[in-house]
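Q: for reference, the sequence and a predicted model appear below.
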Protein chains: 2
Amino acid sequence: MLQSKLFCKTSKEISKETESVSGKLLCRAGFVSQLMAGVYTFLPLGFRVLQKIEAVIRENMAKPPVNGQEMLMPALTPKESWQKTGRWENFDALFKLKGRGEKDYALASTHEEVIAPLAKKIIFSYKDLPFYVFQIQTKFRNEARAKSGILRTREFLMKDLYSFNAEEKDLDAYYDKMDEVYLRIFKEFGIRDDRSKNKITYKTLASGGTFSKYSHEYQTVTESGEDTIYICQKCFVAVNKEIKEKSDICPNCGKKTSFEEKKTVEVGNIFKLGTKYSLPFGLTFRAKDGKEKPVIMGCYGLGLSRIMGAVAEVKNDKNGIIWPRNIAPYLVHLLWIENNAKVRGAAQKIYDDLQKNGVEVLYDDREDKTAGEKFAEADLIGIPFRLVVSEKTLEKNSVEIKERIEESVKLVGQSRLVKLLKMV
Amino acid sequence: MLQSKLFCKTSKEISKETESVSGKLLCRAGFVSQLMAGVYTFLPLGFRVLQKIEAVIRENMAKPPVNGQEMLMPALTPKESWQKTGRWENFDALFKLKGRGEKDYALASTHEEVIAPLAKKIIFSYKDLPFYVFQIQTKFRNEARAKSGILRTREFLMKDLYSFNAEEKDLDAYYDKMDEVYLRIFKEFGIRDDRSKNKITYKTLASGGTFSKYSHEYQTVTESGEDTIYICQKCFVAVNKEIKEKSDICPNCGKKTSFEEKKTVEVGNIFKLGTKYSLPFGLTFRAKDGKEKPVIMGCYGLGLSRIMGAVAEVKNDKNGIIWPRNIAPYLVHLLWIENNAKVRGAAQKIYDDLQKNGVEVLYDDREDKTAGEKFAEADLIGIPFRLVVSEKTLEKNSVEIKERIEESVKLVGQSRLVKLLKMV
């Protein structure tokens, strides 16, 4: 992509609504643009990151052990379904609107009210179980406060998976597998470290409703977060405030412990729903013994736009964002620093070469920017590898390469460049 | 995919709301499920078709000559933007809702009101032009009637592209290129035939607003359609009713002609907006001569879920849908007809082989269905190739293969099967 053509403008201007580091960086670097409080457009750079996050999540949800089938449910949902579960009245953040003939709709924040009655049309017998469906879809939530950039918005992209089992023990086993998959996904995104004491994203016990003692949230530590967690200093699993205040025994490891308090943002959660939604919708199945039993449900959410925000929140320095390679908008940021035909021509050739070889590259071909401006913008945008072409590098038939996370630069021969970048 | 595990149930039951052939077929075959009037869930089979339609459209919008940059705009939009263009009051089908503090929102049916003010933040000079951005996103429209399955819904997936040019002639040239690309896309989906008199999908002239004499709609002929077009019998371009009533001279070919009336569904449209949206939002640029001029805009829509409906509407027979290969949910539907270990084992081996070789296959492994039921469902679902394994085919180390569009079956040696299917 030619940067001169990119629909994006980095700027020093920041929305006043945006109090988070990630919100400031993502706006300044041209990944997102705020339309109004809590509502954002994903510009081409930001959309590329979102697509890559989506691809990682989709792959993990479709393959074993998750085995989810992808589908797409609507955002417009009928009042009647929400009344059946009591959430029309009780769920404060539900957006409500009216259609033709004064029909009441809700904009779905979650889809139990759609999937449970739908599953009732498809599930009849124990032979139809288990099954797992998921979607990656836009959710709406009428948040009271929405001021942390894309960490807490009124419209957001989410993956929600629903599990349907015959027995509680099957749900338990699936739930534990999903926990493992979630931690692996966060590791892929660079926001989980299993081996260090600082895990960055913490599995966090929260109260679980009527069916299970605990549900689990995945909380990424950041000062911009609006949640607070308490990390057990023995097992490094966290609890929320309500649980922490009850006891100084960690409910995860069972040991007497101290808890370290941290500000966080929730990037995912998993929940044993049990029969909470199958009962109101009459979602039952004929068991092996011939009896009708309620289906046992679970739900598993991941916030895609929130993960993007959390990564920017965790992976940055004073100059800008530092994207992990697998979700960076491009792998390579190519630029030249002397505006003459020879240097520009050499850079163009490298750009063409990289493109031909399937290396994703953003090429800063702009002639109205100084070298200093180009370097500053490259750091702000945070693409993993920066390539610089100059008179000096050309003398040595080389290109200067620098990793965004490193301080040092090195020269690479032009003939070796493509091979090197295809290997990383 | 094992059909026994597929989240879908074919049925003879049809929603009473669904008056279209495609709606009936897609519901019965388990591609979609109606949540309420005009609102549908895409079940896994239907979602696969939608994804394939999306991939074709995305590729065509990103590559030359279209050169669109993909982004994602929100559905929640502020009242103020719609007031600026007069559409808050005048656009009857706009869904309106209230947020915190009684703030008014509209659910976007189209995104001129978002993209024009956004472009204003990014465009300053003629050097920033031209550019083209698009999104594939869920739209909302409070339709008065919504009763033709997924042909006319209140929530639907759409591609909308916006062009920004400095000069009117640049818009004209881009608009003509887009017309060619649209016709090629419809051809790829099997709903356009350039060479026959029956073009299936017709370019249709409609009145163009203040900026251009005509806009263009792409209308697919079907009895379930709610639109009517009048096809010029000289040039086979159509006009809408308003234009037809004015004259018996075809505005496309300029000849005196007769018009054939057909019921249709609109699957796309292109529109020269000119300065209609740039003026209210002050979207100007500094021209080469130093003067501030309004940006010249165009918009280009394609309805993804509508296209899916239109294909099902056009491509079917009395037994079910006949998907074109490039958007079929799977390439191959594999089934066995004698339920014994030998036949099941052989089918399983073929299934594994096809999967290993990247052939998309739905395997009807269900033991509670008769051969007749399996055949009927295969026809209803409409996957391009049906493979049948039986005692008889195994005797000859073969599999029976039948194309959905053909009457005849033939035997193919098991050793040649993968190679054959990878070639089609």
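A: Alright, I've got the coordinates.
Q: going by C-alpha atoms from here, please, whenever you check contacts or count neighbours.
A: Will do.
Q: using the three-state scheme, assign the residue nearest to A:A93 when sequence neighbours are not counted.
A: Leaving aside its chain neighbours, A:A93 sits nearest to A:N142 (4.4 Å; criterion: Cα to Cα, 6 or more residues apart in numbering or on different chains). With DSSP: H, G, I helix; E, B strand; the rest coil as the basis, A:N142 sits in coil.
Q: thought A:N142 was touching B:R100?
A: Yes - taking contacts as Cα atoms under 8 Å, A:N142 lies within contact range of B:R100: 7.1 Å.
Q: more neighbours, the two?
A: For A:N142 versus B:R100, neighbours defined as other Cα atoms under 10 Å in any protein chain shown are more numerous around A:N142 (21 against 12).
Q: OK, contacts around that one?
A: A:92-95, A:154, B:99-100 (Cα atoms under 8 Å, 6 or more residues apart in numbering or on different chains).
Q: so the residue nearest to A:G208 when sequence neighbours are not counted bridges to which residues?
A: Spatial nearest neighbour of A:G208, excluding adjacent residues (Cα to Cα, 6+ apart): A:Y214 at 3.9 Å. Note on A:Y214: beta-bridge partners by DSSP bridges are A:S207.
Q: got the domain ranges for chain A?
A: In terms of domains, chain A is parsed into A:21-317, A:330-423 (source: automatic domain parsing).
Q: low-confidence stretches in chain A?
A: Counting by pLDDT under 70, chain A contains low-confidence ranges at A:11-18.
Q: have a look at it and report its longest helix.
A: helix A:168-188 (DSSP state H).
Q: tell me how far it is from the chain's mean position?
A: Distance of helix A:168-188 from the chain centroid (Cα atoms, centre = their mean, to the nearest Å) equals 17 Å.
Q: ok, now stretch A:404-418?
A: That offset, for stretch A:404-418, works out to 30 Å (Cα atoms, centre = their mean).
Q: show me which positions of it end up buried.
A: A:404-405, A:411-412, A:414, A:417-418 (16 or more other Cα atoms under 10 Å in any protein chain shown).
Q: how near is the residue nearest to A:G208 to chain B?
A: Separation of A:Y214 from chain B (Cα to the nearest Cα, to the nearest Å) stands at 29 Å.
Q: again, but for A:Q83
A: Taken as Cα to the nearest Cα, the span from A:Q83 to chain B is 15 Å.
Q: can you check A:P64 too?
A: 13 Å.
Q: start to end distance for stretch A:238-256?
A: Terminal residues of stretch A:238-256 lie 14 Å apart, using Cα to Cα, to the nearest Å.
Q: that stretch: which residues count as buried?
A: A:238-240, A:243-244, A:249-251.
Q: ok, A:L118 - contacts?
A: B:S33.
Q: circling back to that earlier point, just send the contacts of A:N142 back as TSV, with distance to B:P74 too.
A: Shown next, in TSV, are the contacts of A:N142 (distance: Cα to Cα, whole Å):
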residue	distance to B:P74
A:D92	22
A:A93	18
A:L94	17
A:F95	15
A:R154	10
B:G99	15
B:R100	18
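Q: quick check, nearest of those to A:K422?
A: Nearest to A:K422 among those is A:R154, at 39.3 Å by Cα to Cα.
Q: number of residues surrounding the closest one?
A: Residues lying near A:R154 (other Cα under 10 Å) number 24.
Q: want to throw the domains of chain A into CSV with distance to B:E292?
A: Listed next are those as CSV, based on distance: least, Cα to Cα, whole Å:
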stretch, distance to B:E292
domain A:21-317, 24
domain A:330-423, 20
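Q: most neighbours per residue, which of those?
A: Comparing these by mean neighbour count (mean count of other Cα atoms under 10 Å in any protein chain shown), domain A:21-317 ranks first with a mean of 19.
Q: A:P74 sits in which helix or strand?
A: Remark: A:P74 resides in no helix or strand, with elements defined by DSSP states H and E.
Q: what sits closest to A:Q219 if chain neighbours are left out?
A: Closest to A:Q219 by Cα to Cα, 6+ apart is A:E266, at 4.4 Å.
Q: pull up the gap between the one you found and chain B, please.
A: From A:E266 to chain B the distance is 22 Å (Cα to the nearest Cα).
Q: any idea how far A:L72 lies from A:S81?
A: 18 Å.
Q: so which residues of the stretch 1-150 of chain A form helices?
A: In the stretch 1-150 of chain A, the helices defined using DSSP state H, counting those that start in this stretch lie at A:21-28, A:44-62, A:79-84, A:87-90, A:112-120.
Q: in contact with A:A346, which residues?
A: A:389, A:394.
Q: just how off-centre is the helix or strand in which it is found within its chain?
A: Using DSSP H and E, A:A346 falls within helix A:341-356. Computed by Cα atoms, centre = their mean, the chain-centroid distance of helix A:341-356 equals 34 Å.
Q: kindly export it (C-alpha atoms) in CSV.
A: The C-alpha coordinates for helix A:341-356 follow below in CSV (Å, rounded to 0.1, in the frame of the first residue of the first chain):
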residue,chain,number,x,y,z
ALA,A,341,15.0,9.8,-8.5
LYS,A,342,17.7,7.2,-7.7
VAL,A,343,16.6,6.6,-4.1
ARG,A,344,12.9,6.7,-5.0
GLY,A,345,13.5,4.3,-7.8
ALA,A,346,15.4,1.9,-5.6
ALA,A,347,12.6,2.0,-3.0
GLN,A,348,10.0,1.4,-5.6
LYS,A,349,11.8,-1.6,-6.8
ILE,A,350,12.0,-3.0,-3.3
TYR,A,351,8.3,-2.3,-2.8
ASP,A,352,7.4,-4.2,-6.0
ASP,A,353,9.7,-7.1,-5.1
LEU,A,354,8.1,-7.4,-1.6
GLN,A,355,4.6,-7.2,-3.0
LYS,A,356,5.3,-9.8,-5.6
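Q: part of a helix, is A:G298?
A: No - assigned with three-state DSSP, A:G298 falls outside any helix and is strand.
Q: and it, how close does it get to B:G101?
A: 34 Å.
Q: check A:G372 too.
A: Shown here: A:G372 relative to B:G101, a distance of 45 Å by Cα to Cα.
Q: go on, A:I383?
A: 40 Å.
Q: related to what we said a few turns ago, enumerate every residue touching the residue nearest to A:Q219.
A: A:217-220, A:227.
Q: list phi and psi for it.
A: phi -80, psi 120 (degrees, to the nearest 10).
Q: again, but for A:L304
A: Main-chain dihedrals, A:L304, degrees, to the nearest 10: phi -70, psi -50.
Q: tell me the contacts of it?
A: Here A:L304 is in contact with A:50, A:53-54, A:156-159, A:267 (Cα under 8 Å, 6+ apart).
Q: between those residues, which is closest to chain B?
A: Nearest to chain B among the contacts of A:L304, counting by Cα to the nearest Cα, is A:F156 at 8.7 Å.
Q: so what does the host helix or strand of that closest one touch, helix or strand wise?
A: Using DSSP H and E, A:F156 maps to strand A:155-165. With contacts defined as 3 or more Cα pairs under 8 Å, 6 or more residues apart in numbering or on different chains; DSSP states H and E, strand A:155-165 has these neighbours: strand A:131-140, helix A:168-188, strand A:296-303, helix A:304-314.
Q: who's whichever residue of the stretch 151-300 of chain A sits closest to chain B bridged to?
A: Proximity of the stretch 151-300 of chain A to chain B (Cα to the nearest Cα) peaks at A:E155, 7.2 Å away. Beta-bridge partners of A:E155, counted by DSSP bridges, are A:F140.
Q: thinking it is in contact with A:T41, fair?
A: No - using Cα under 8 Å as the test, A:E155 is too far from A:T41 to be in contact (10.2 Å).
Q: next, show the common contact partners of the two.
A: In contact with both A:E155 and A:T41: B:P74, using Cα under 8 Å, 6+ apart.
Q: so the strand holding A:F156 versus helix A:304-314, what angle?
A: Taking axes from the mean of the first three to the mean of the last three Cα atoms, to 10 degrees, one finds strand A:155-165 and helix A:304-314 inclined to each other by 110 degrees.
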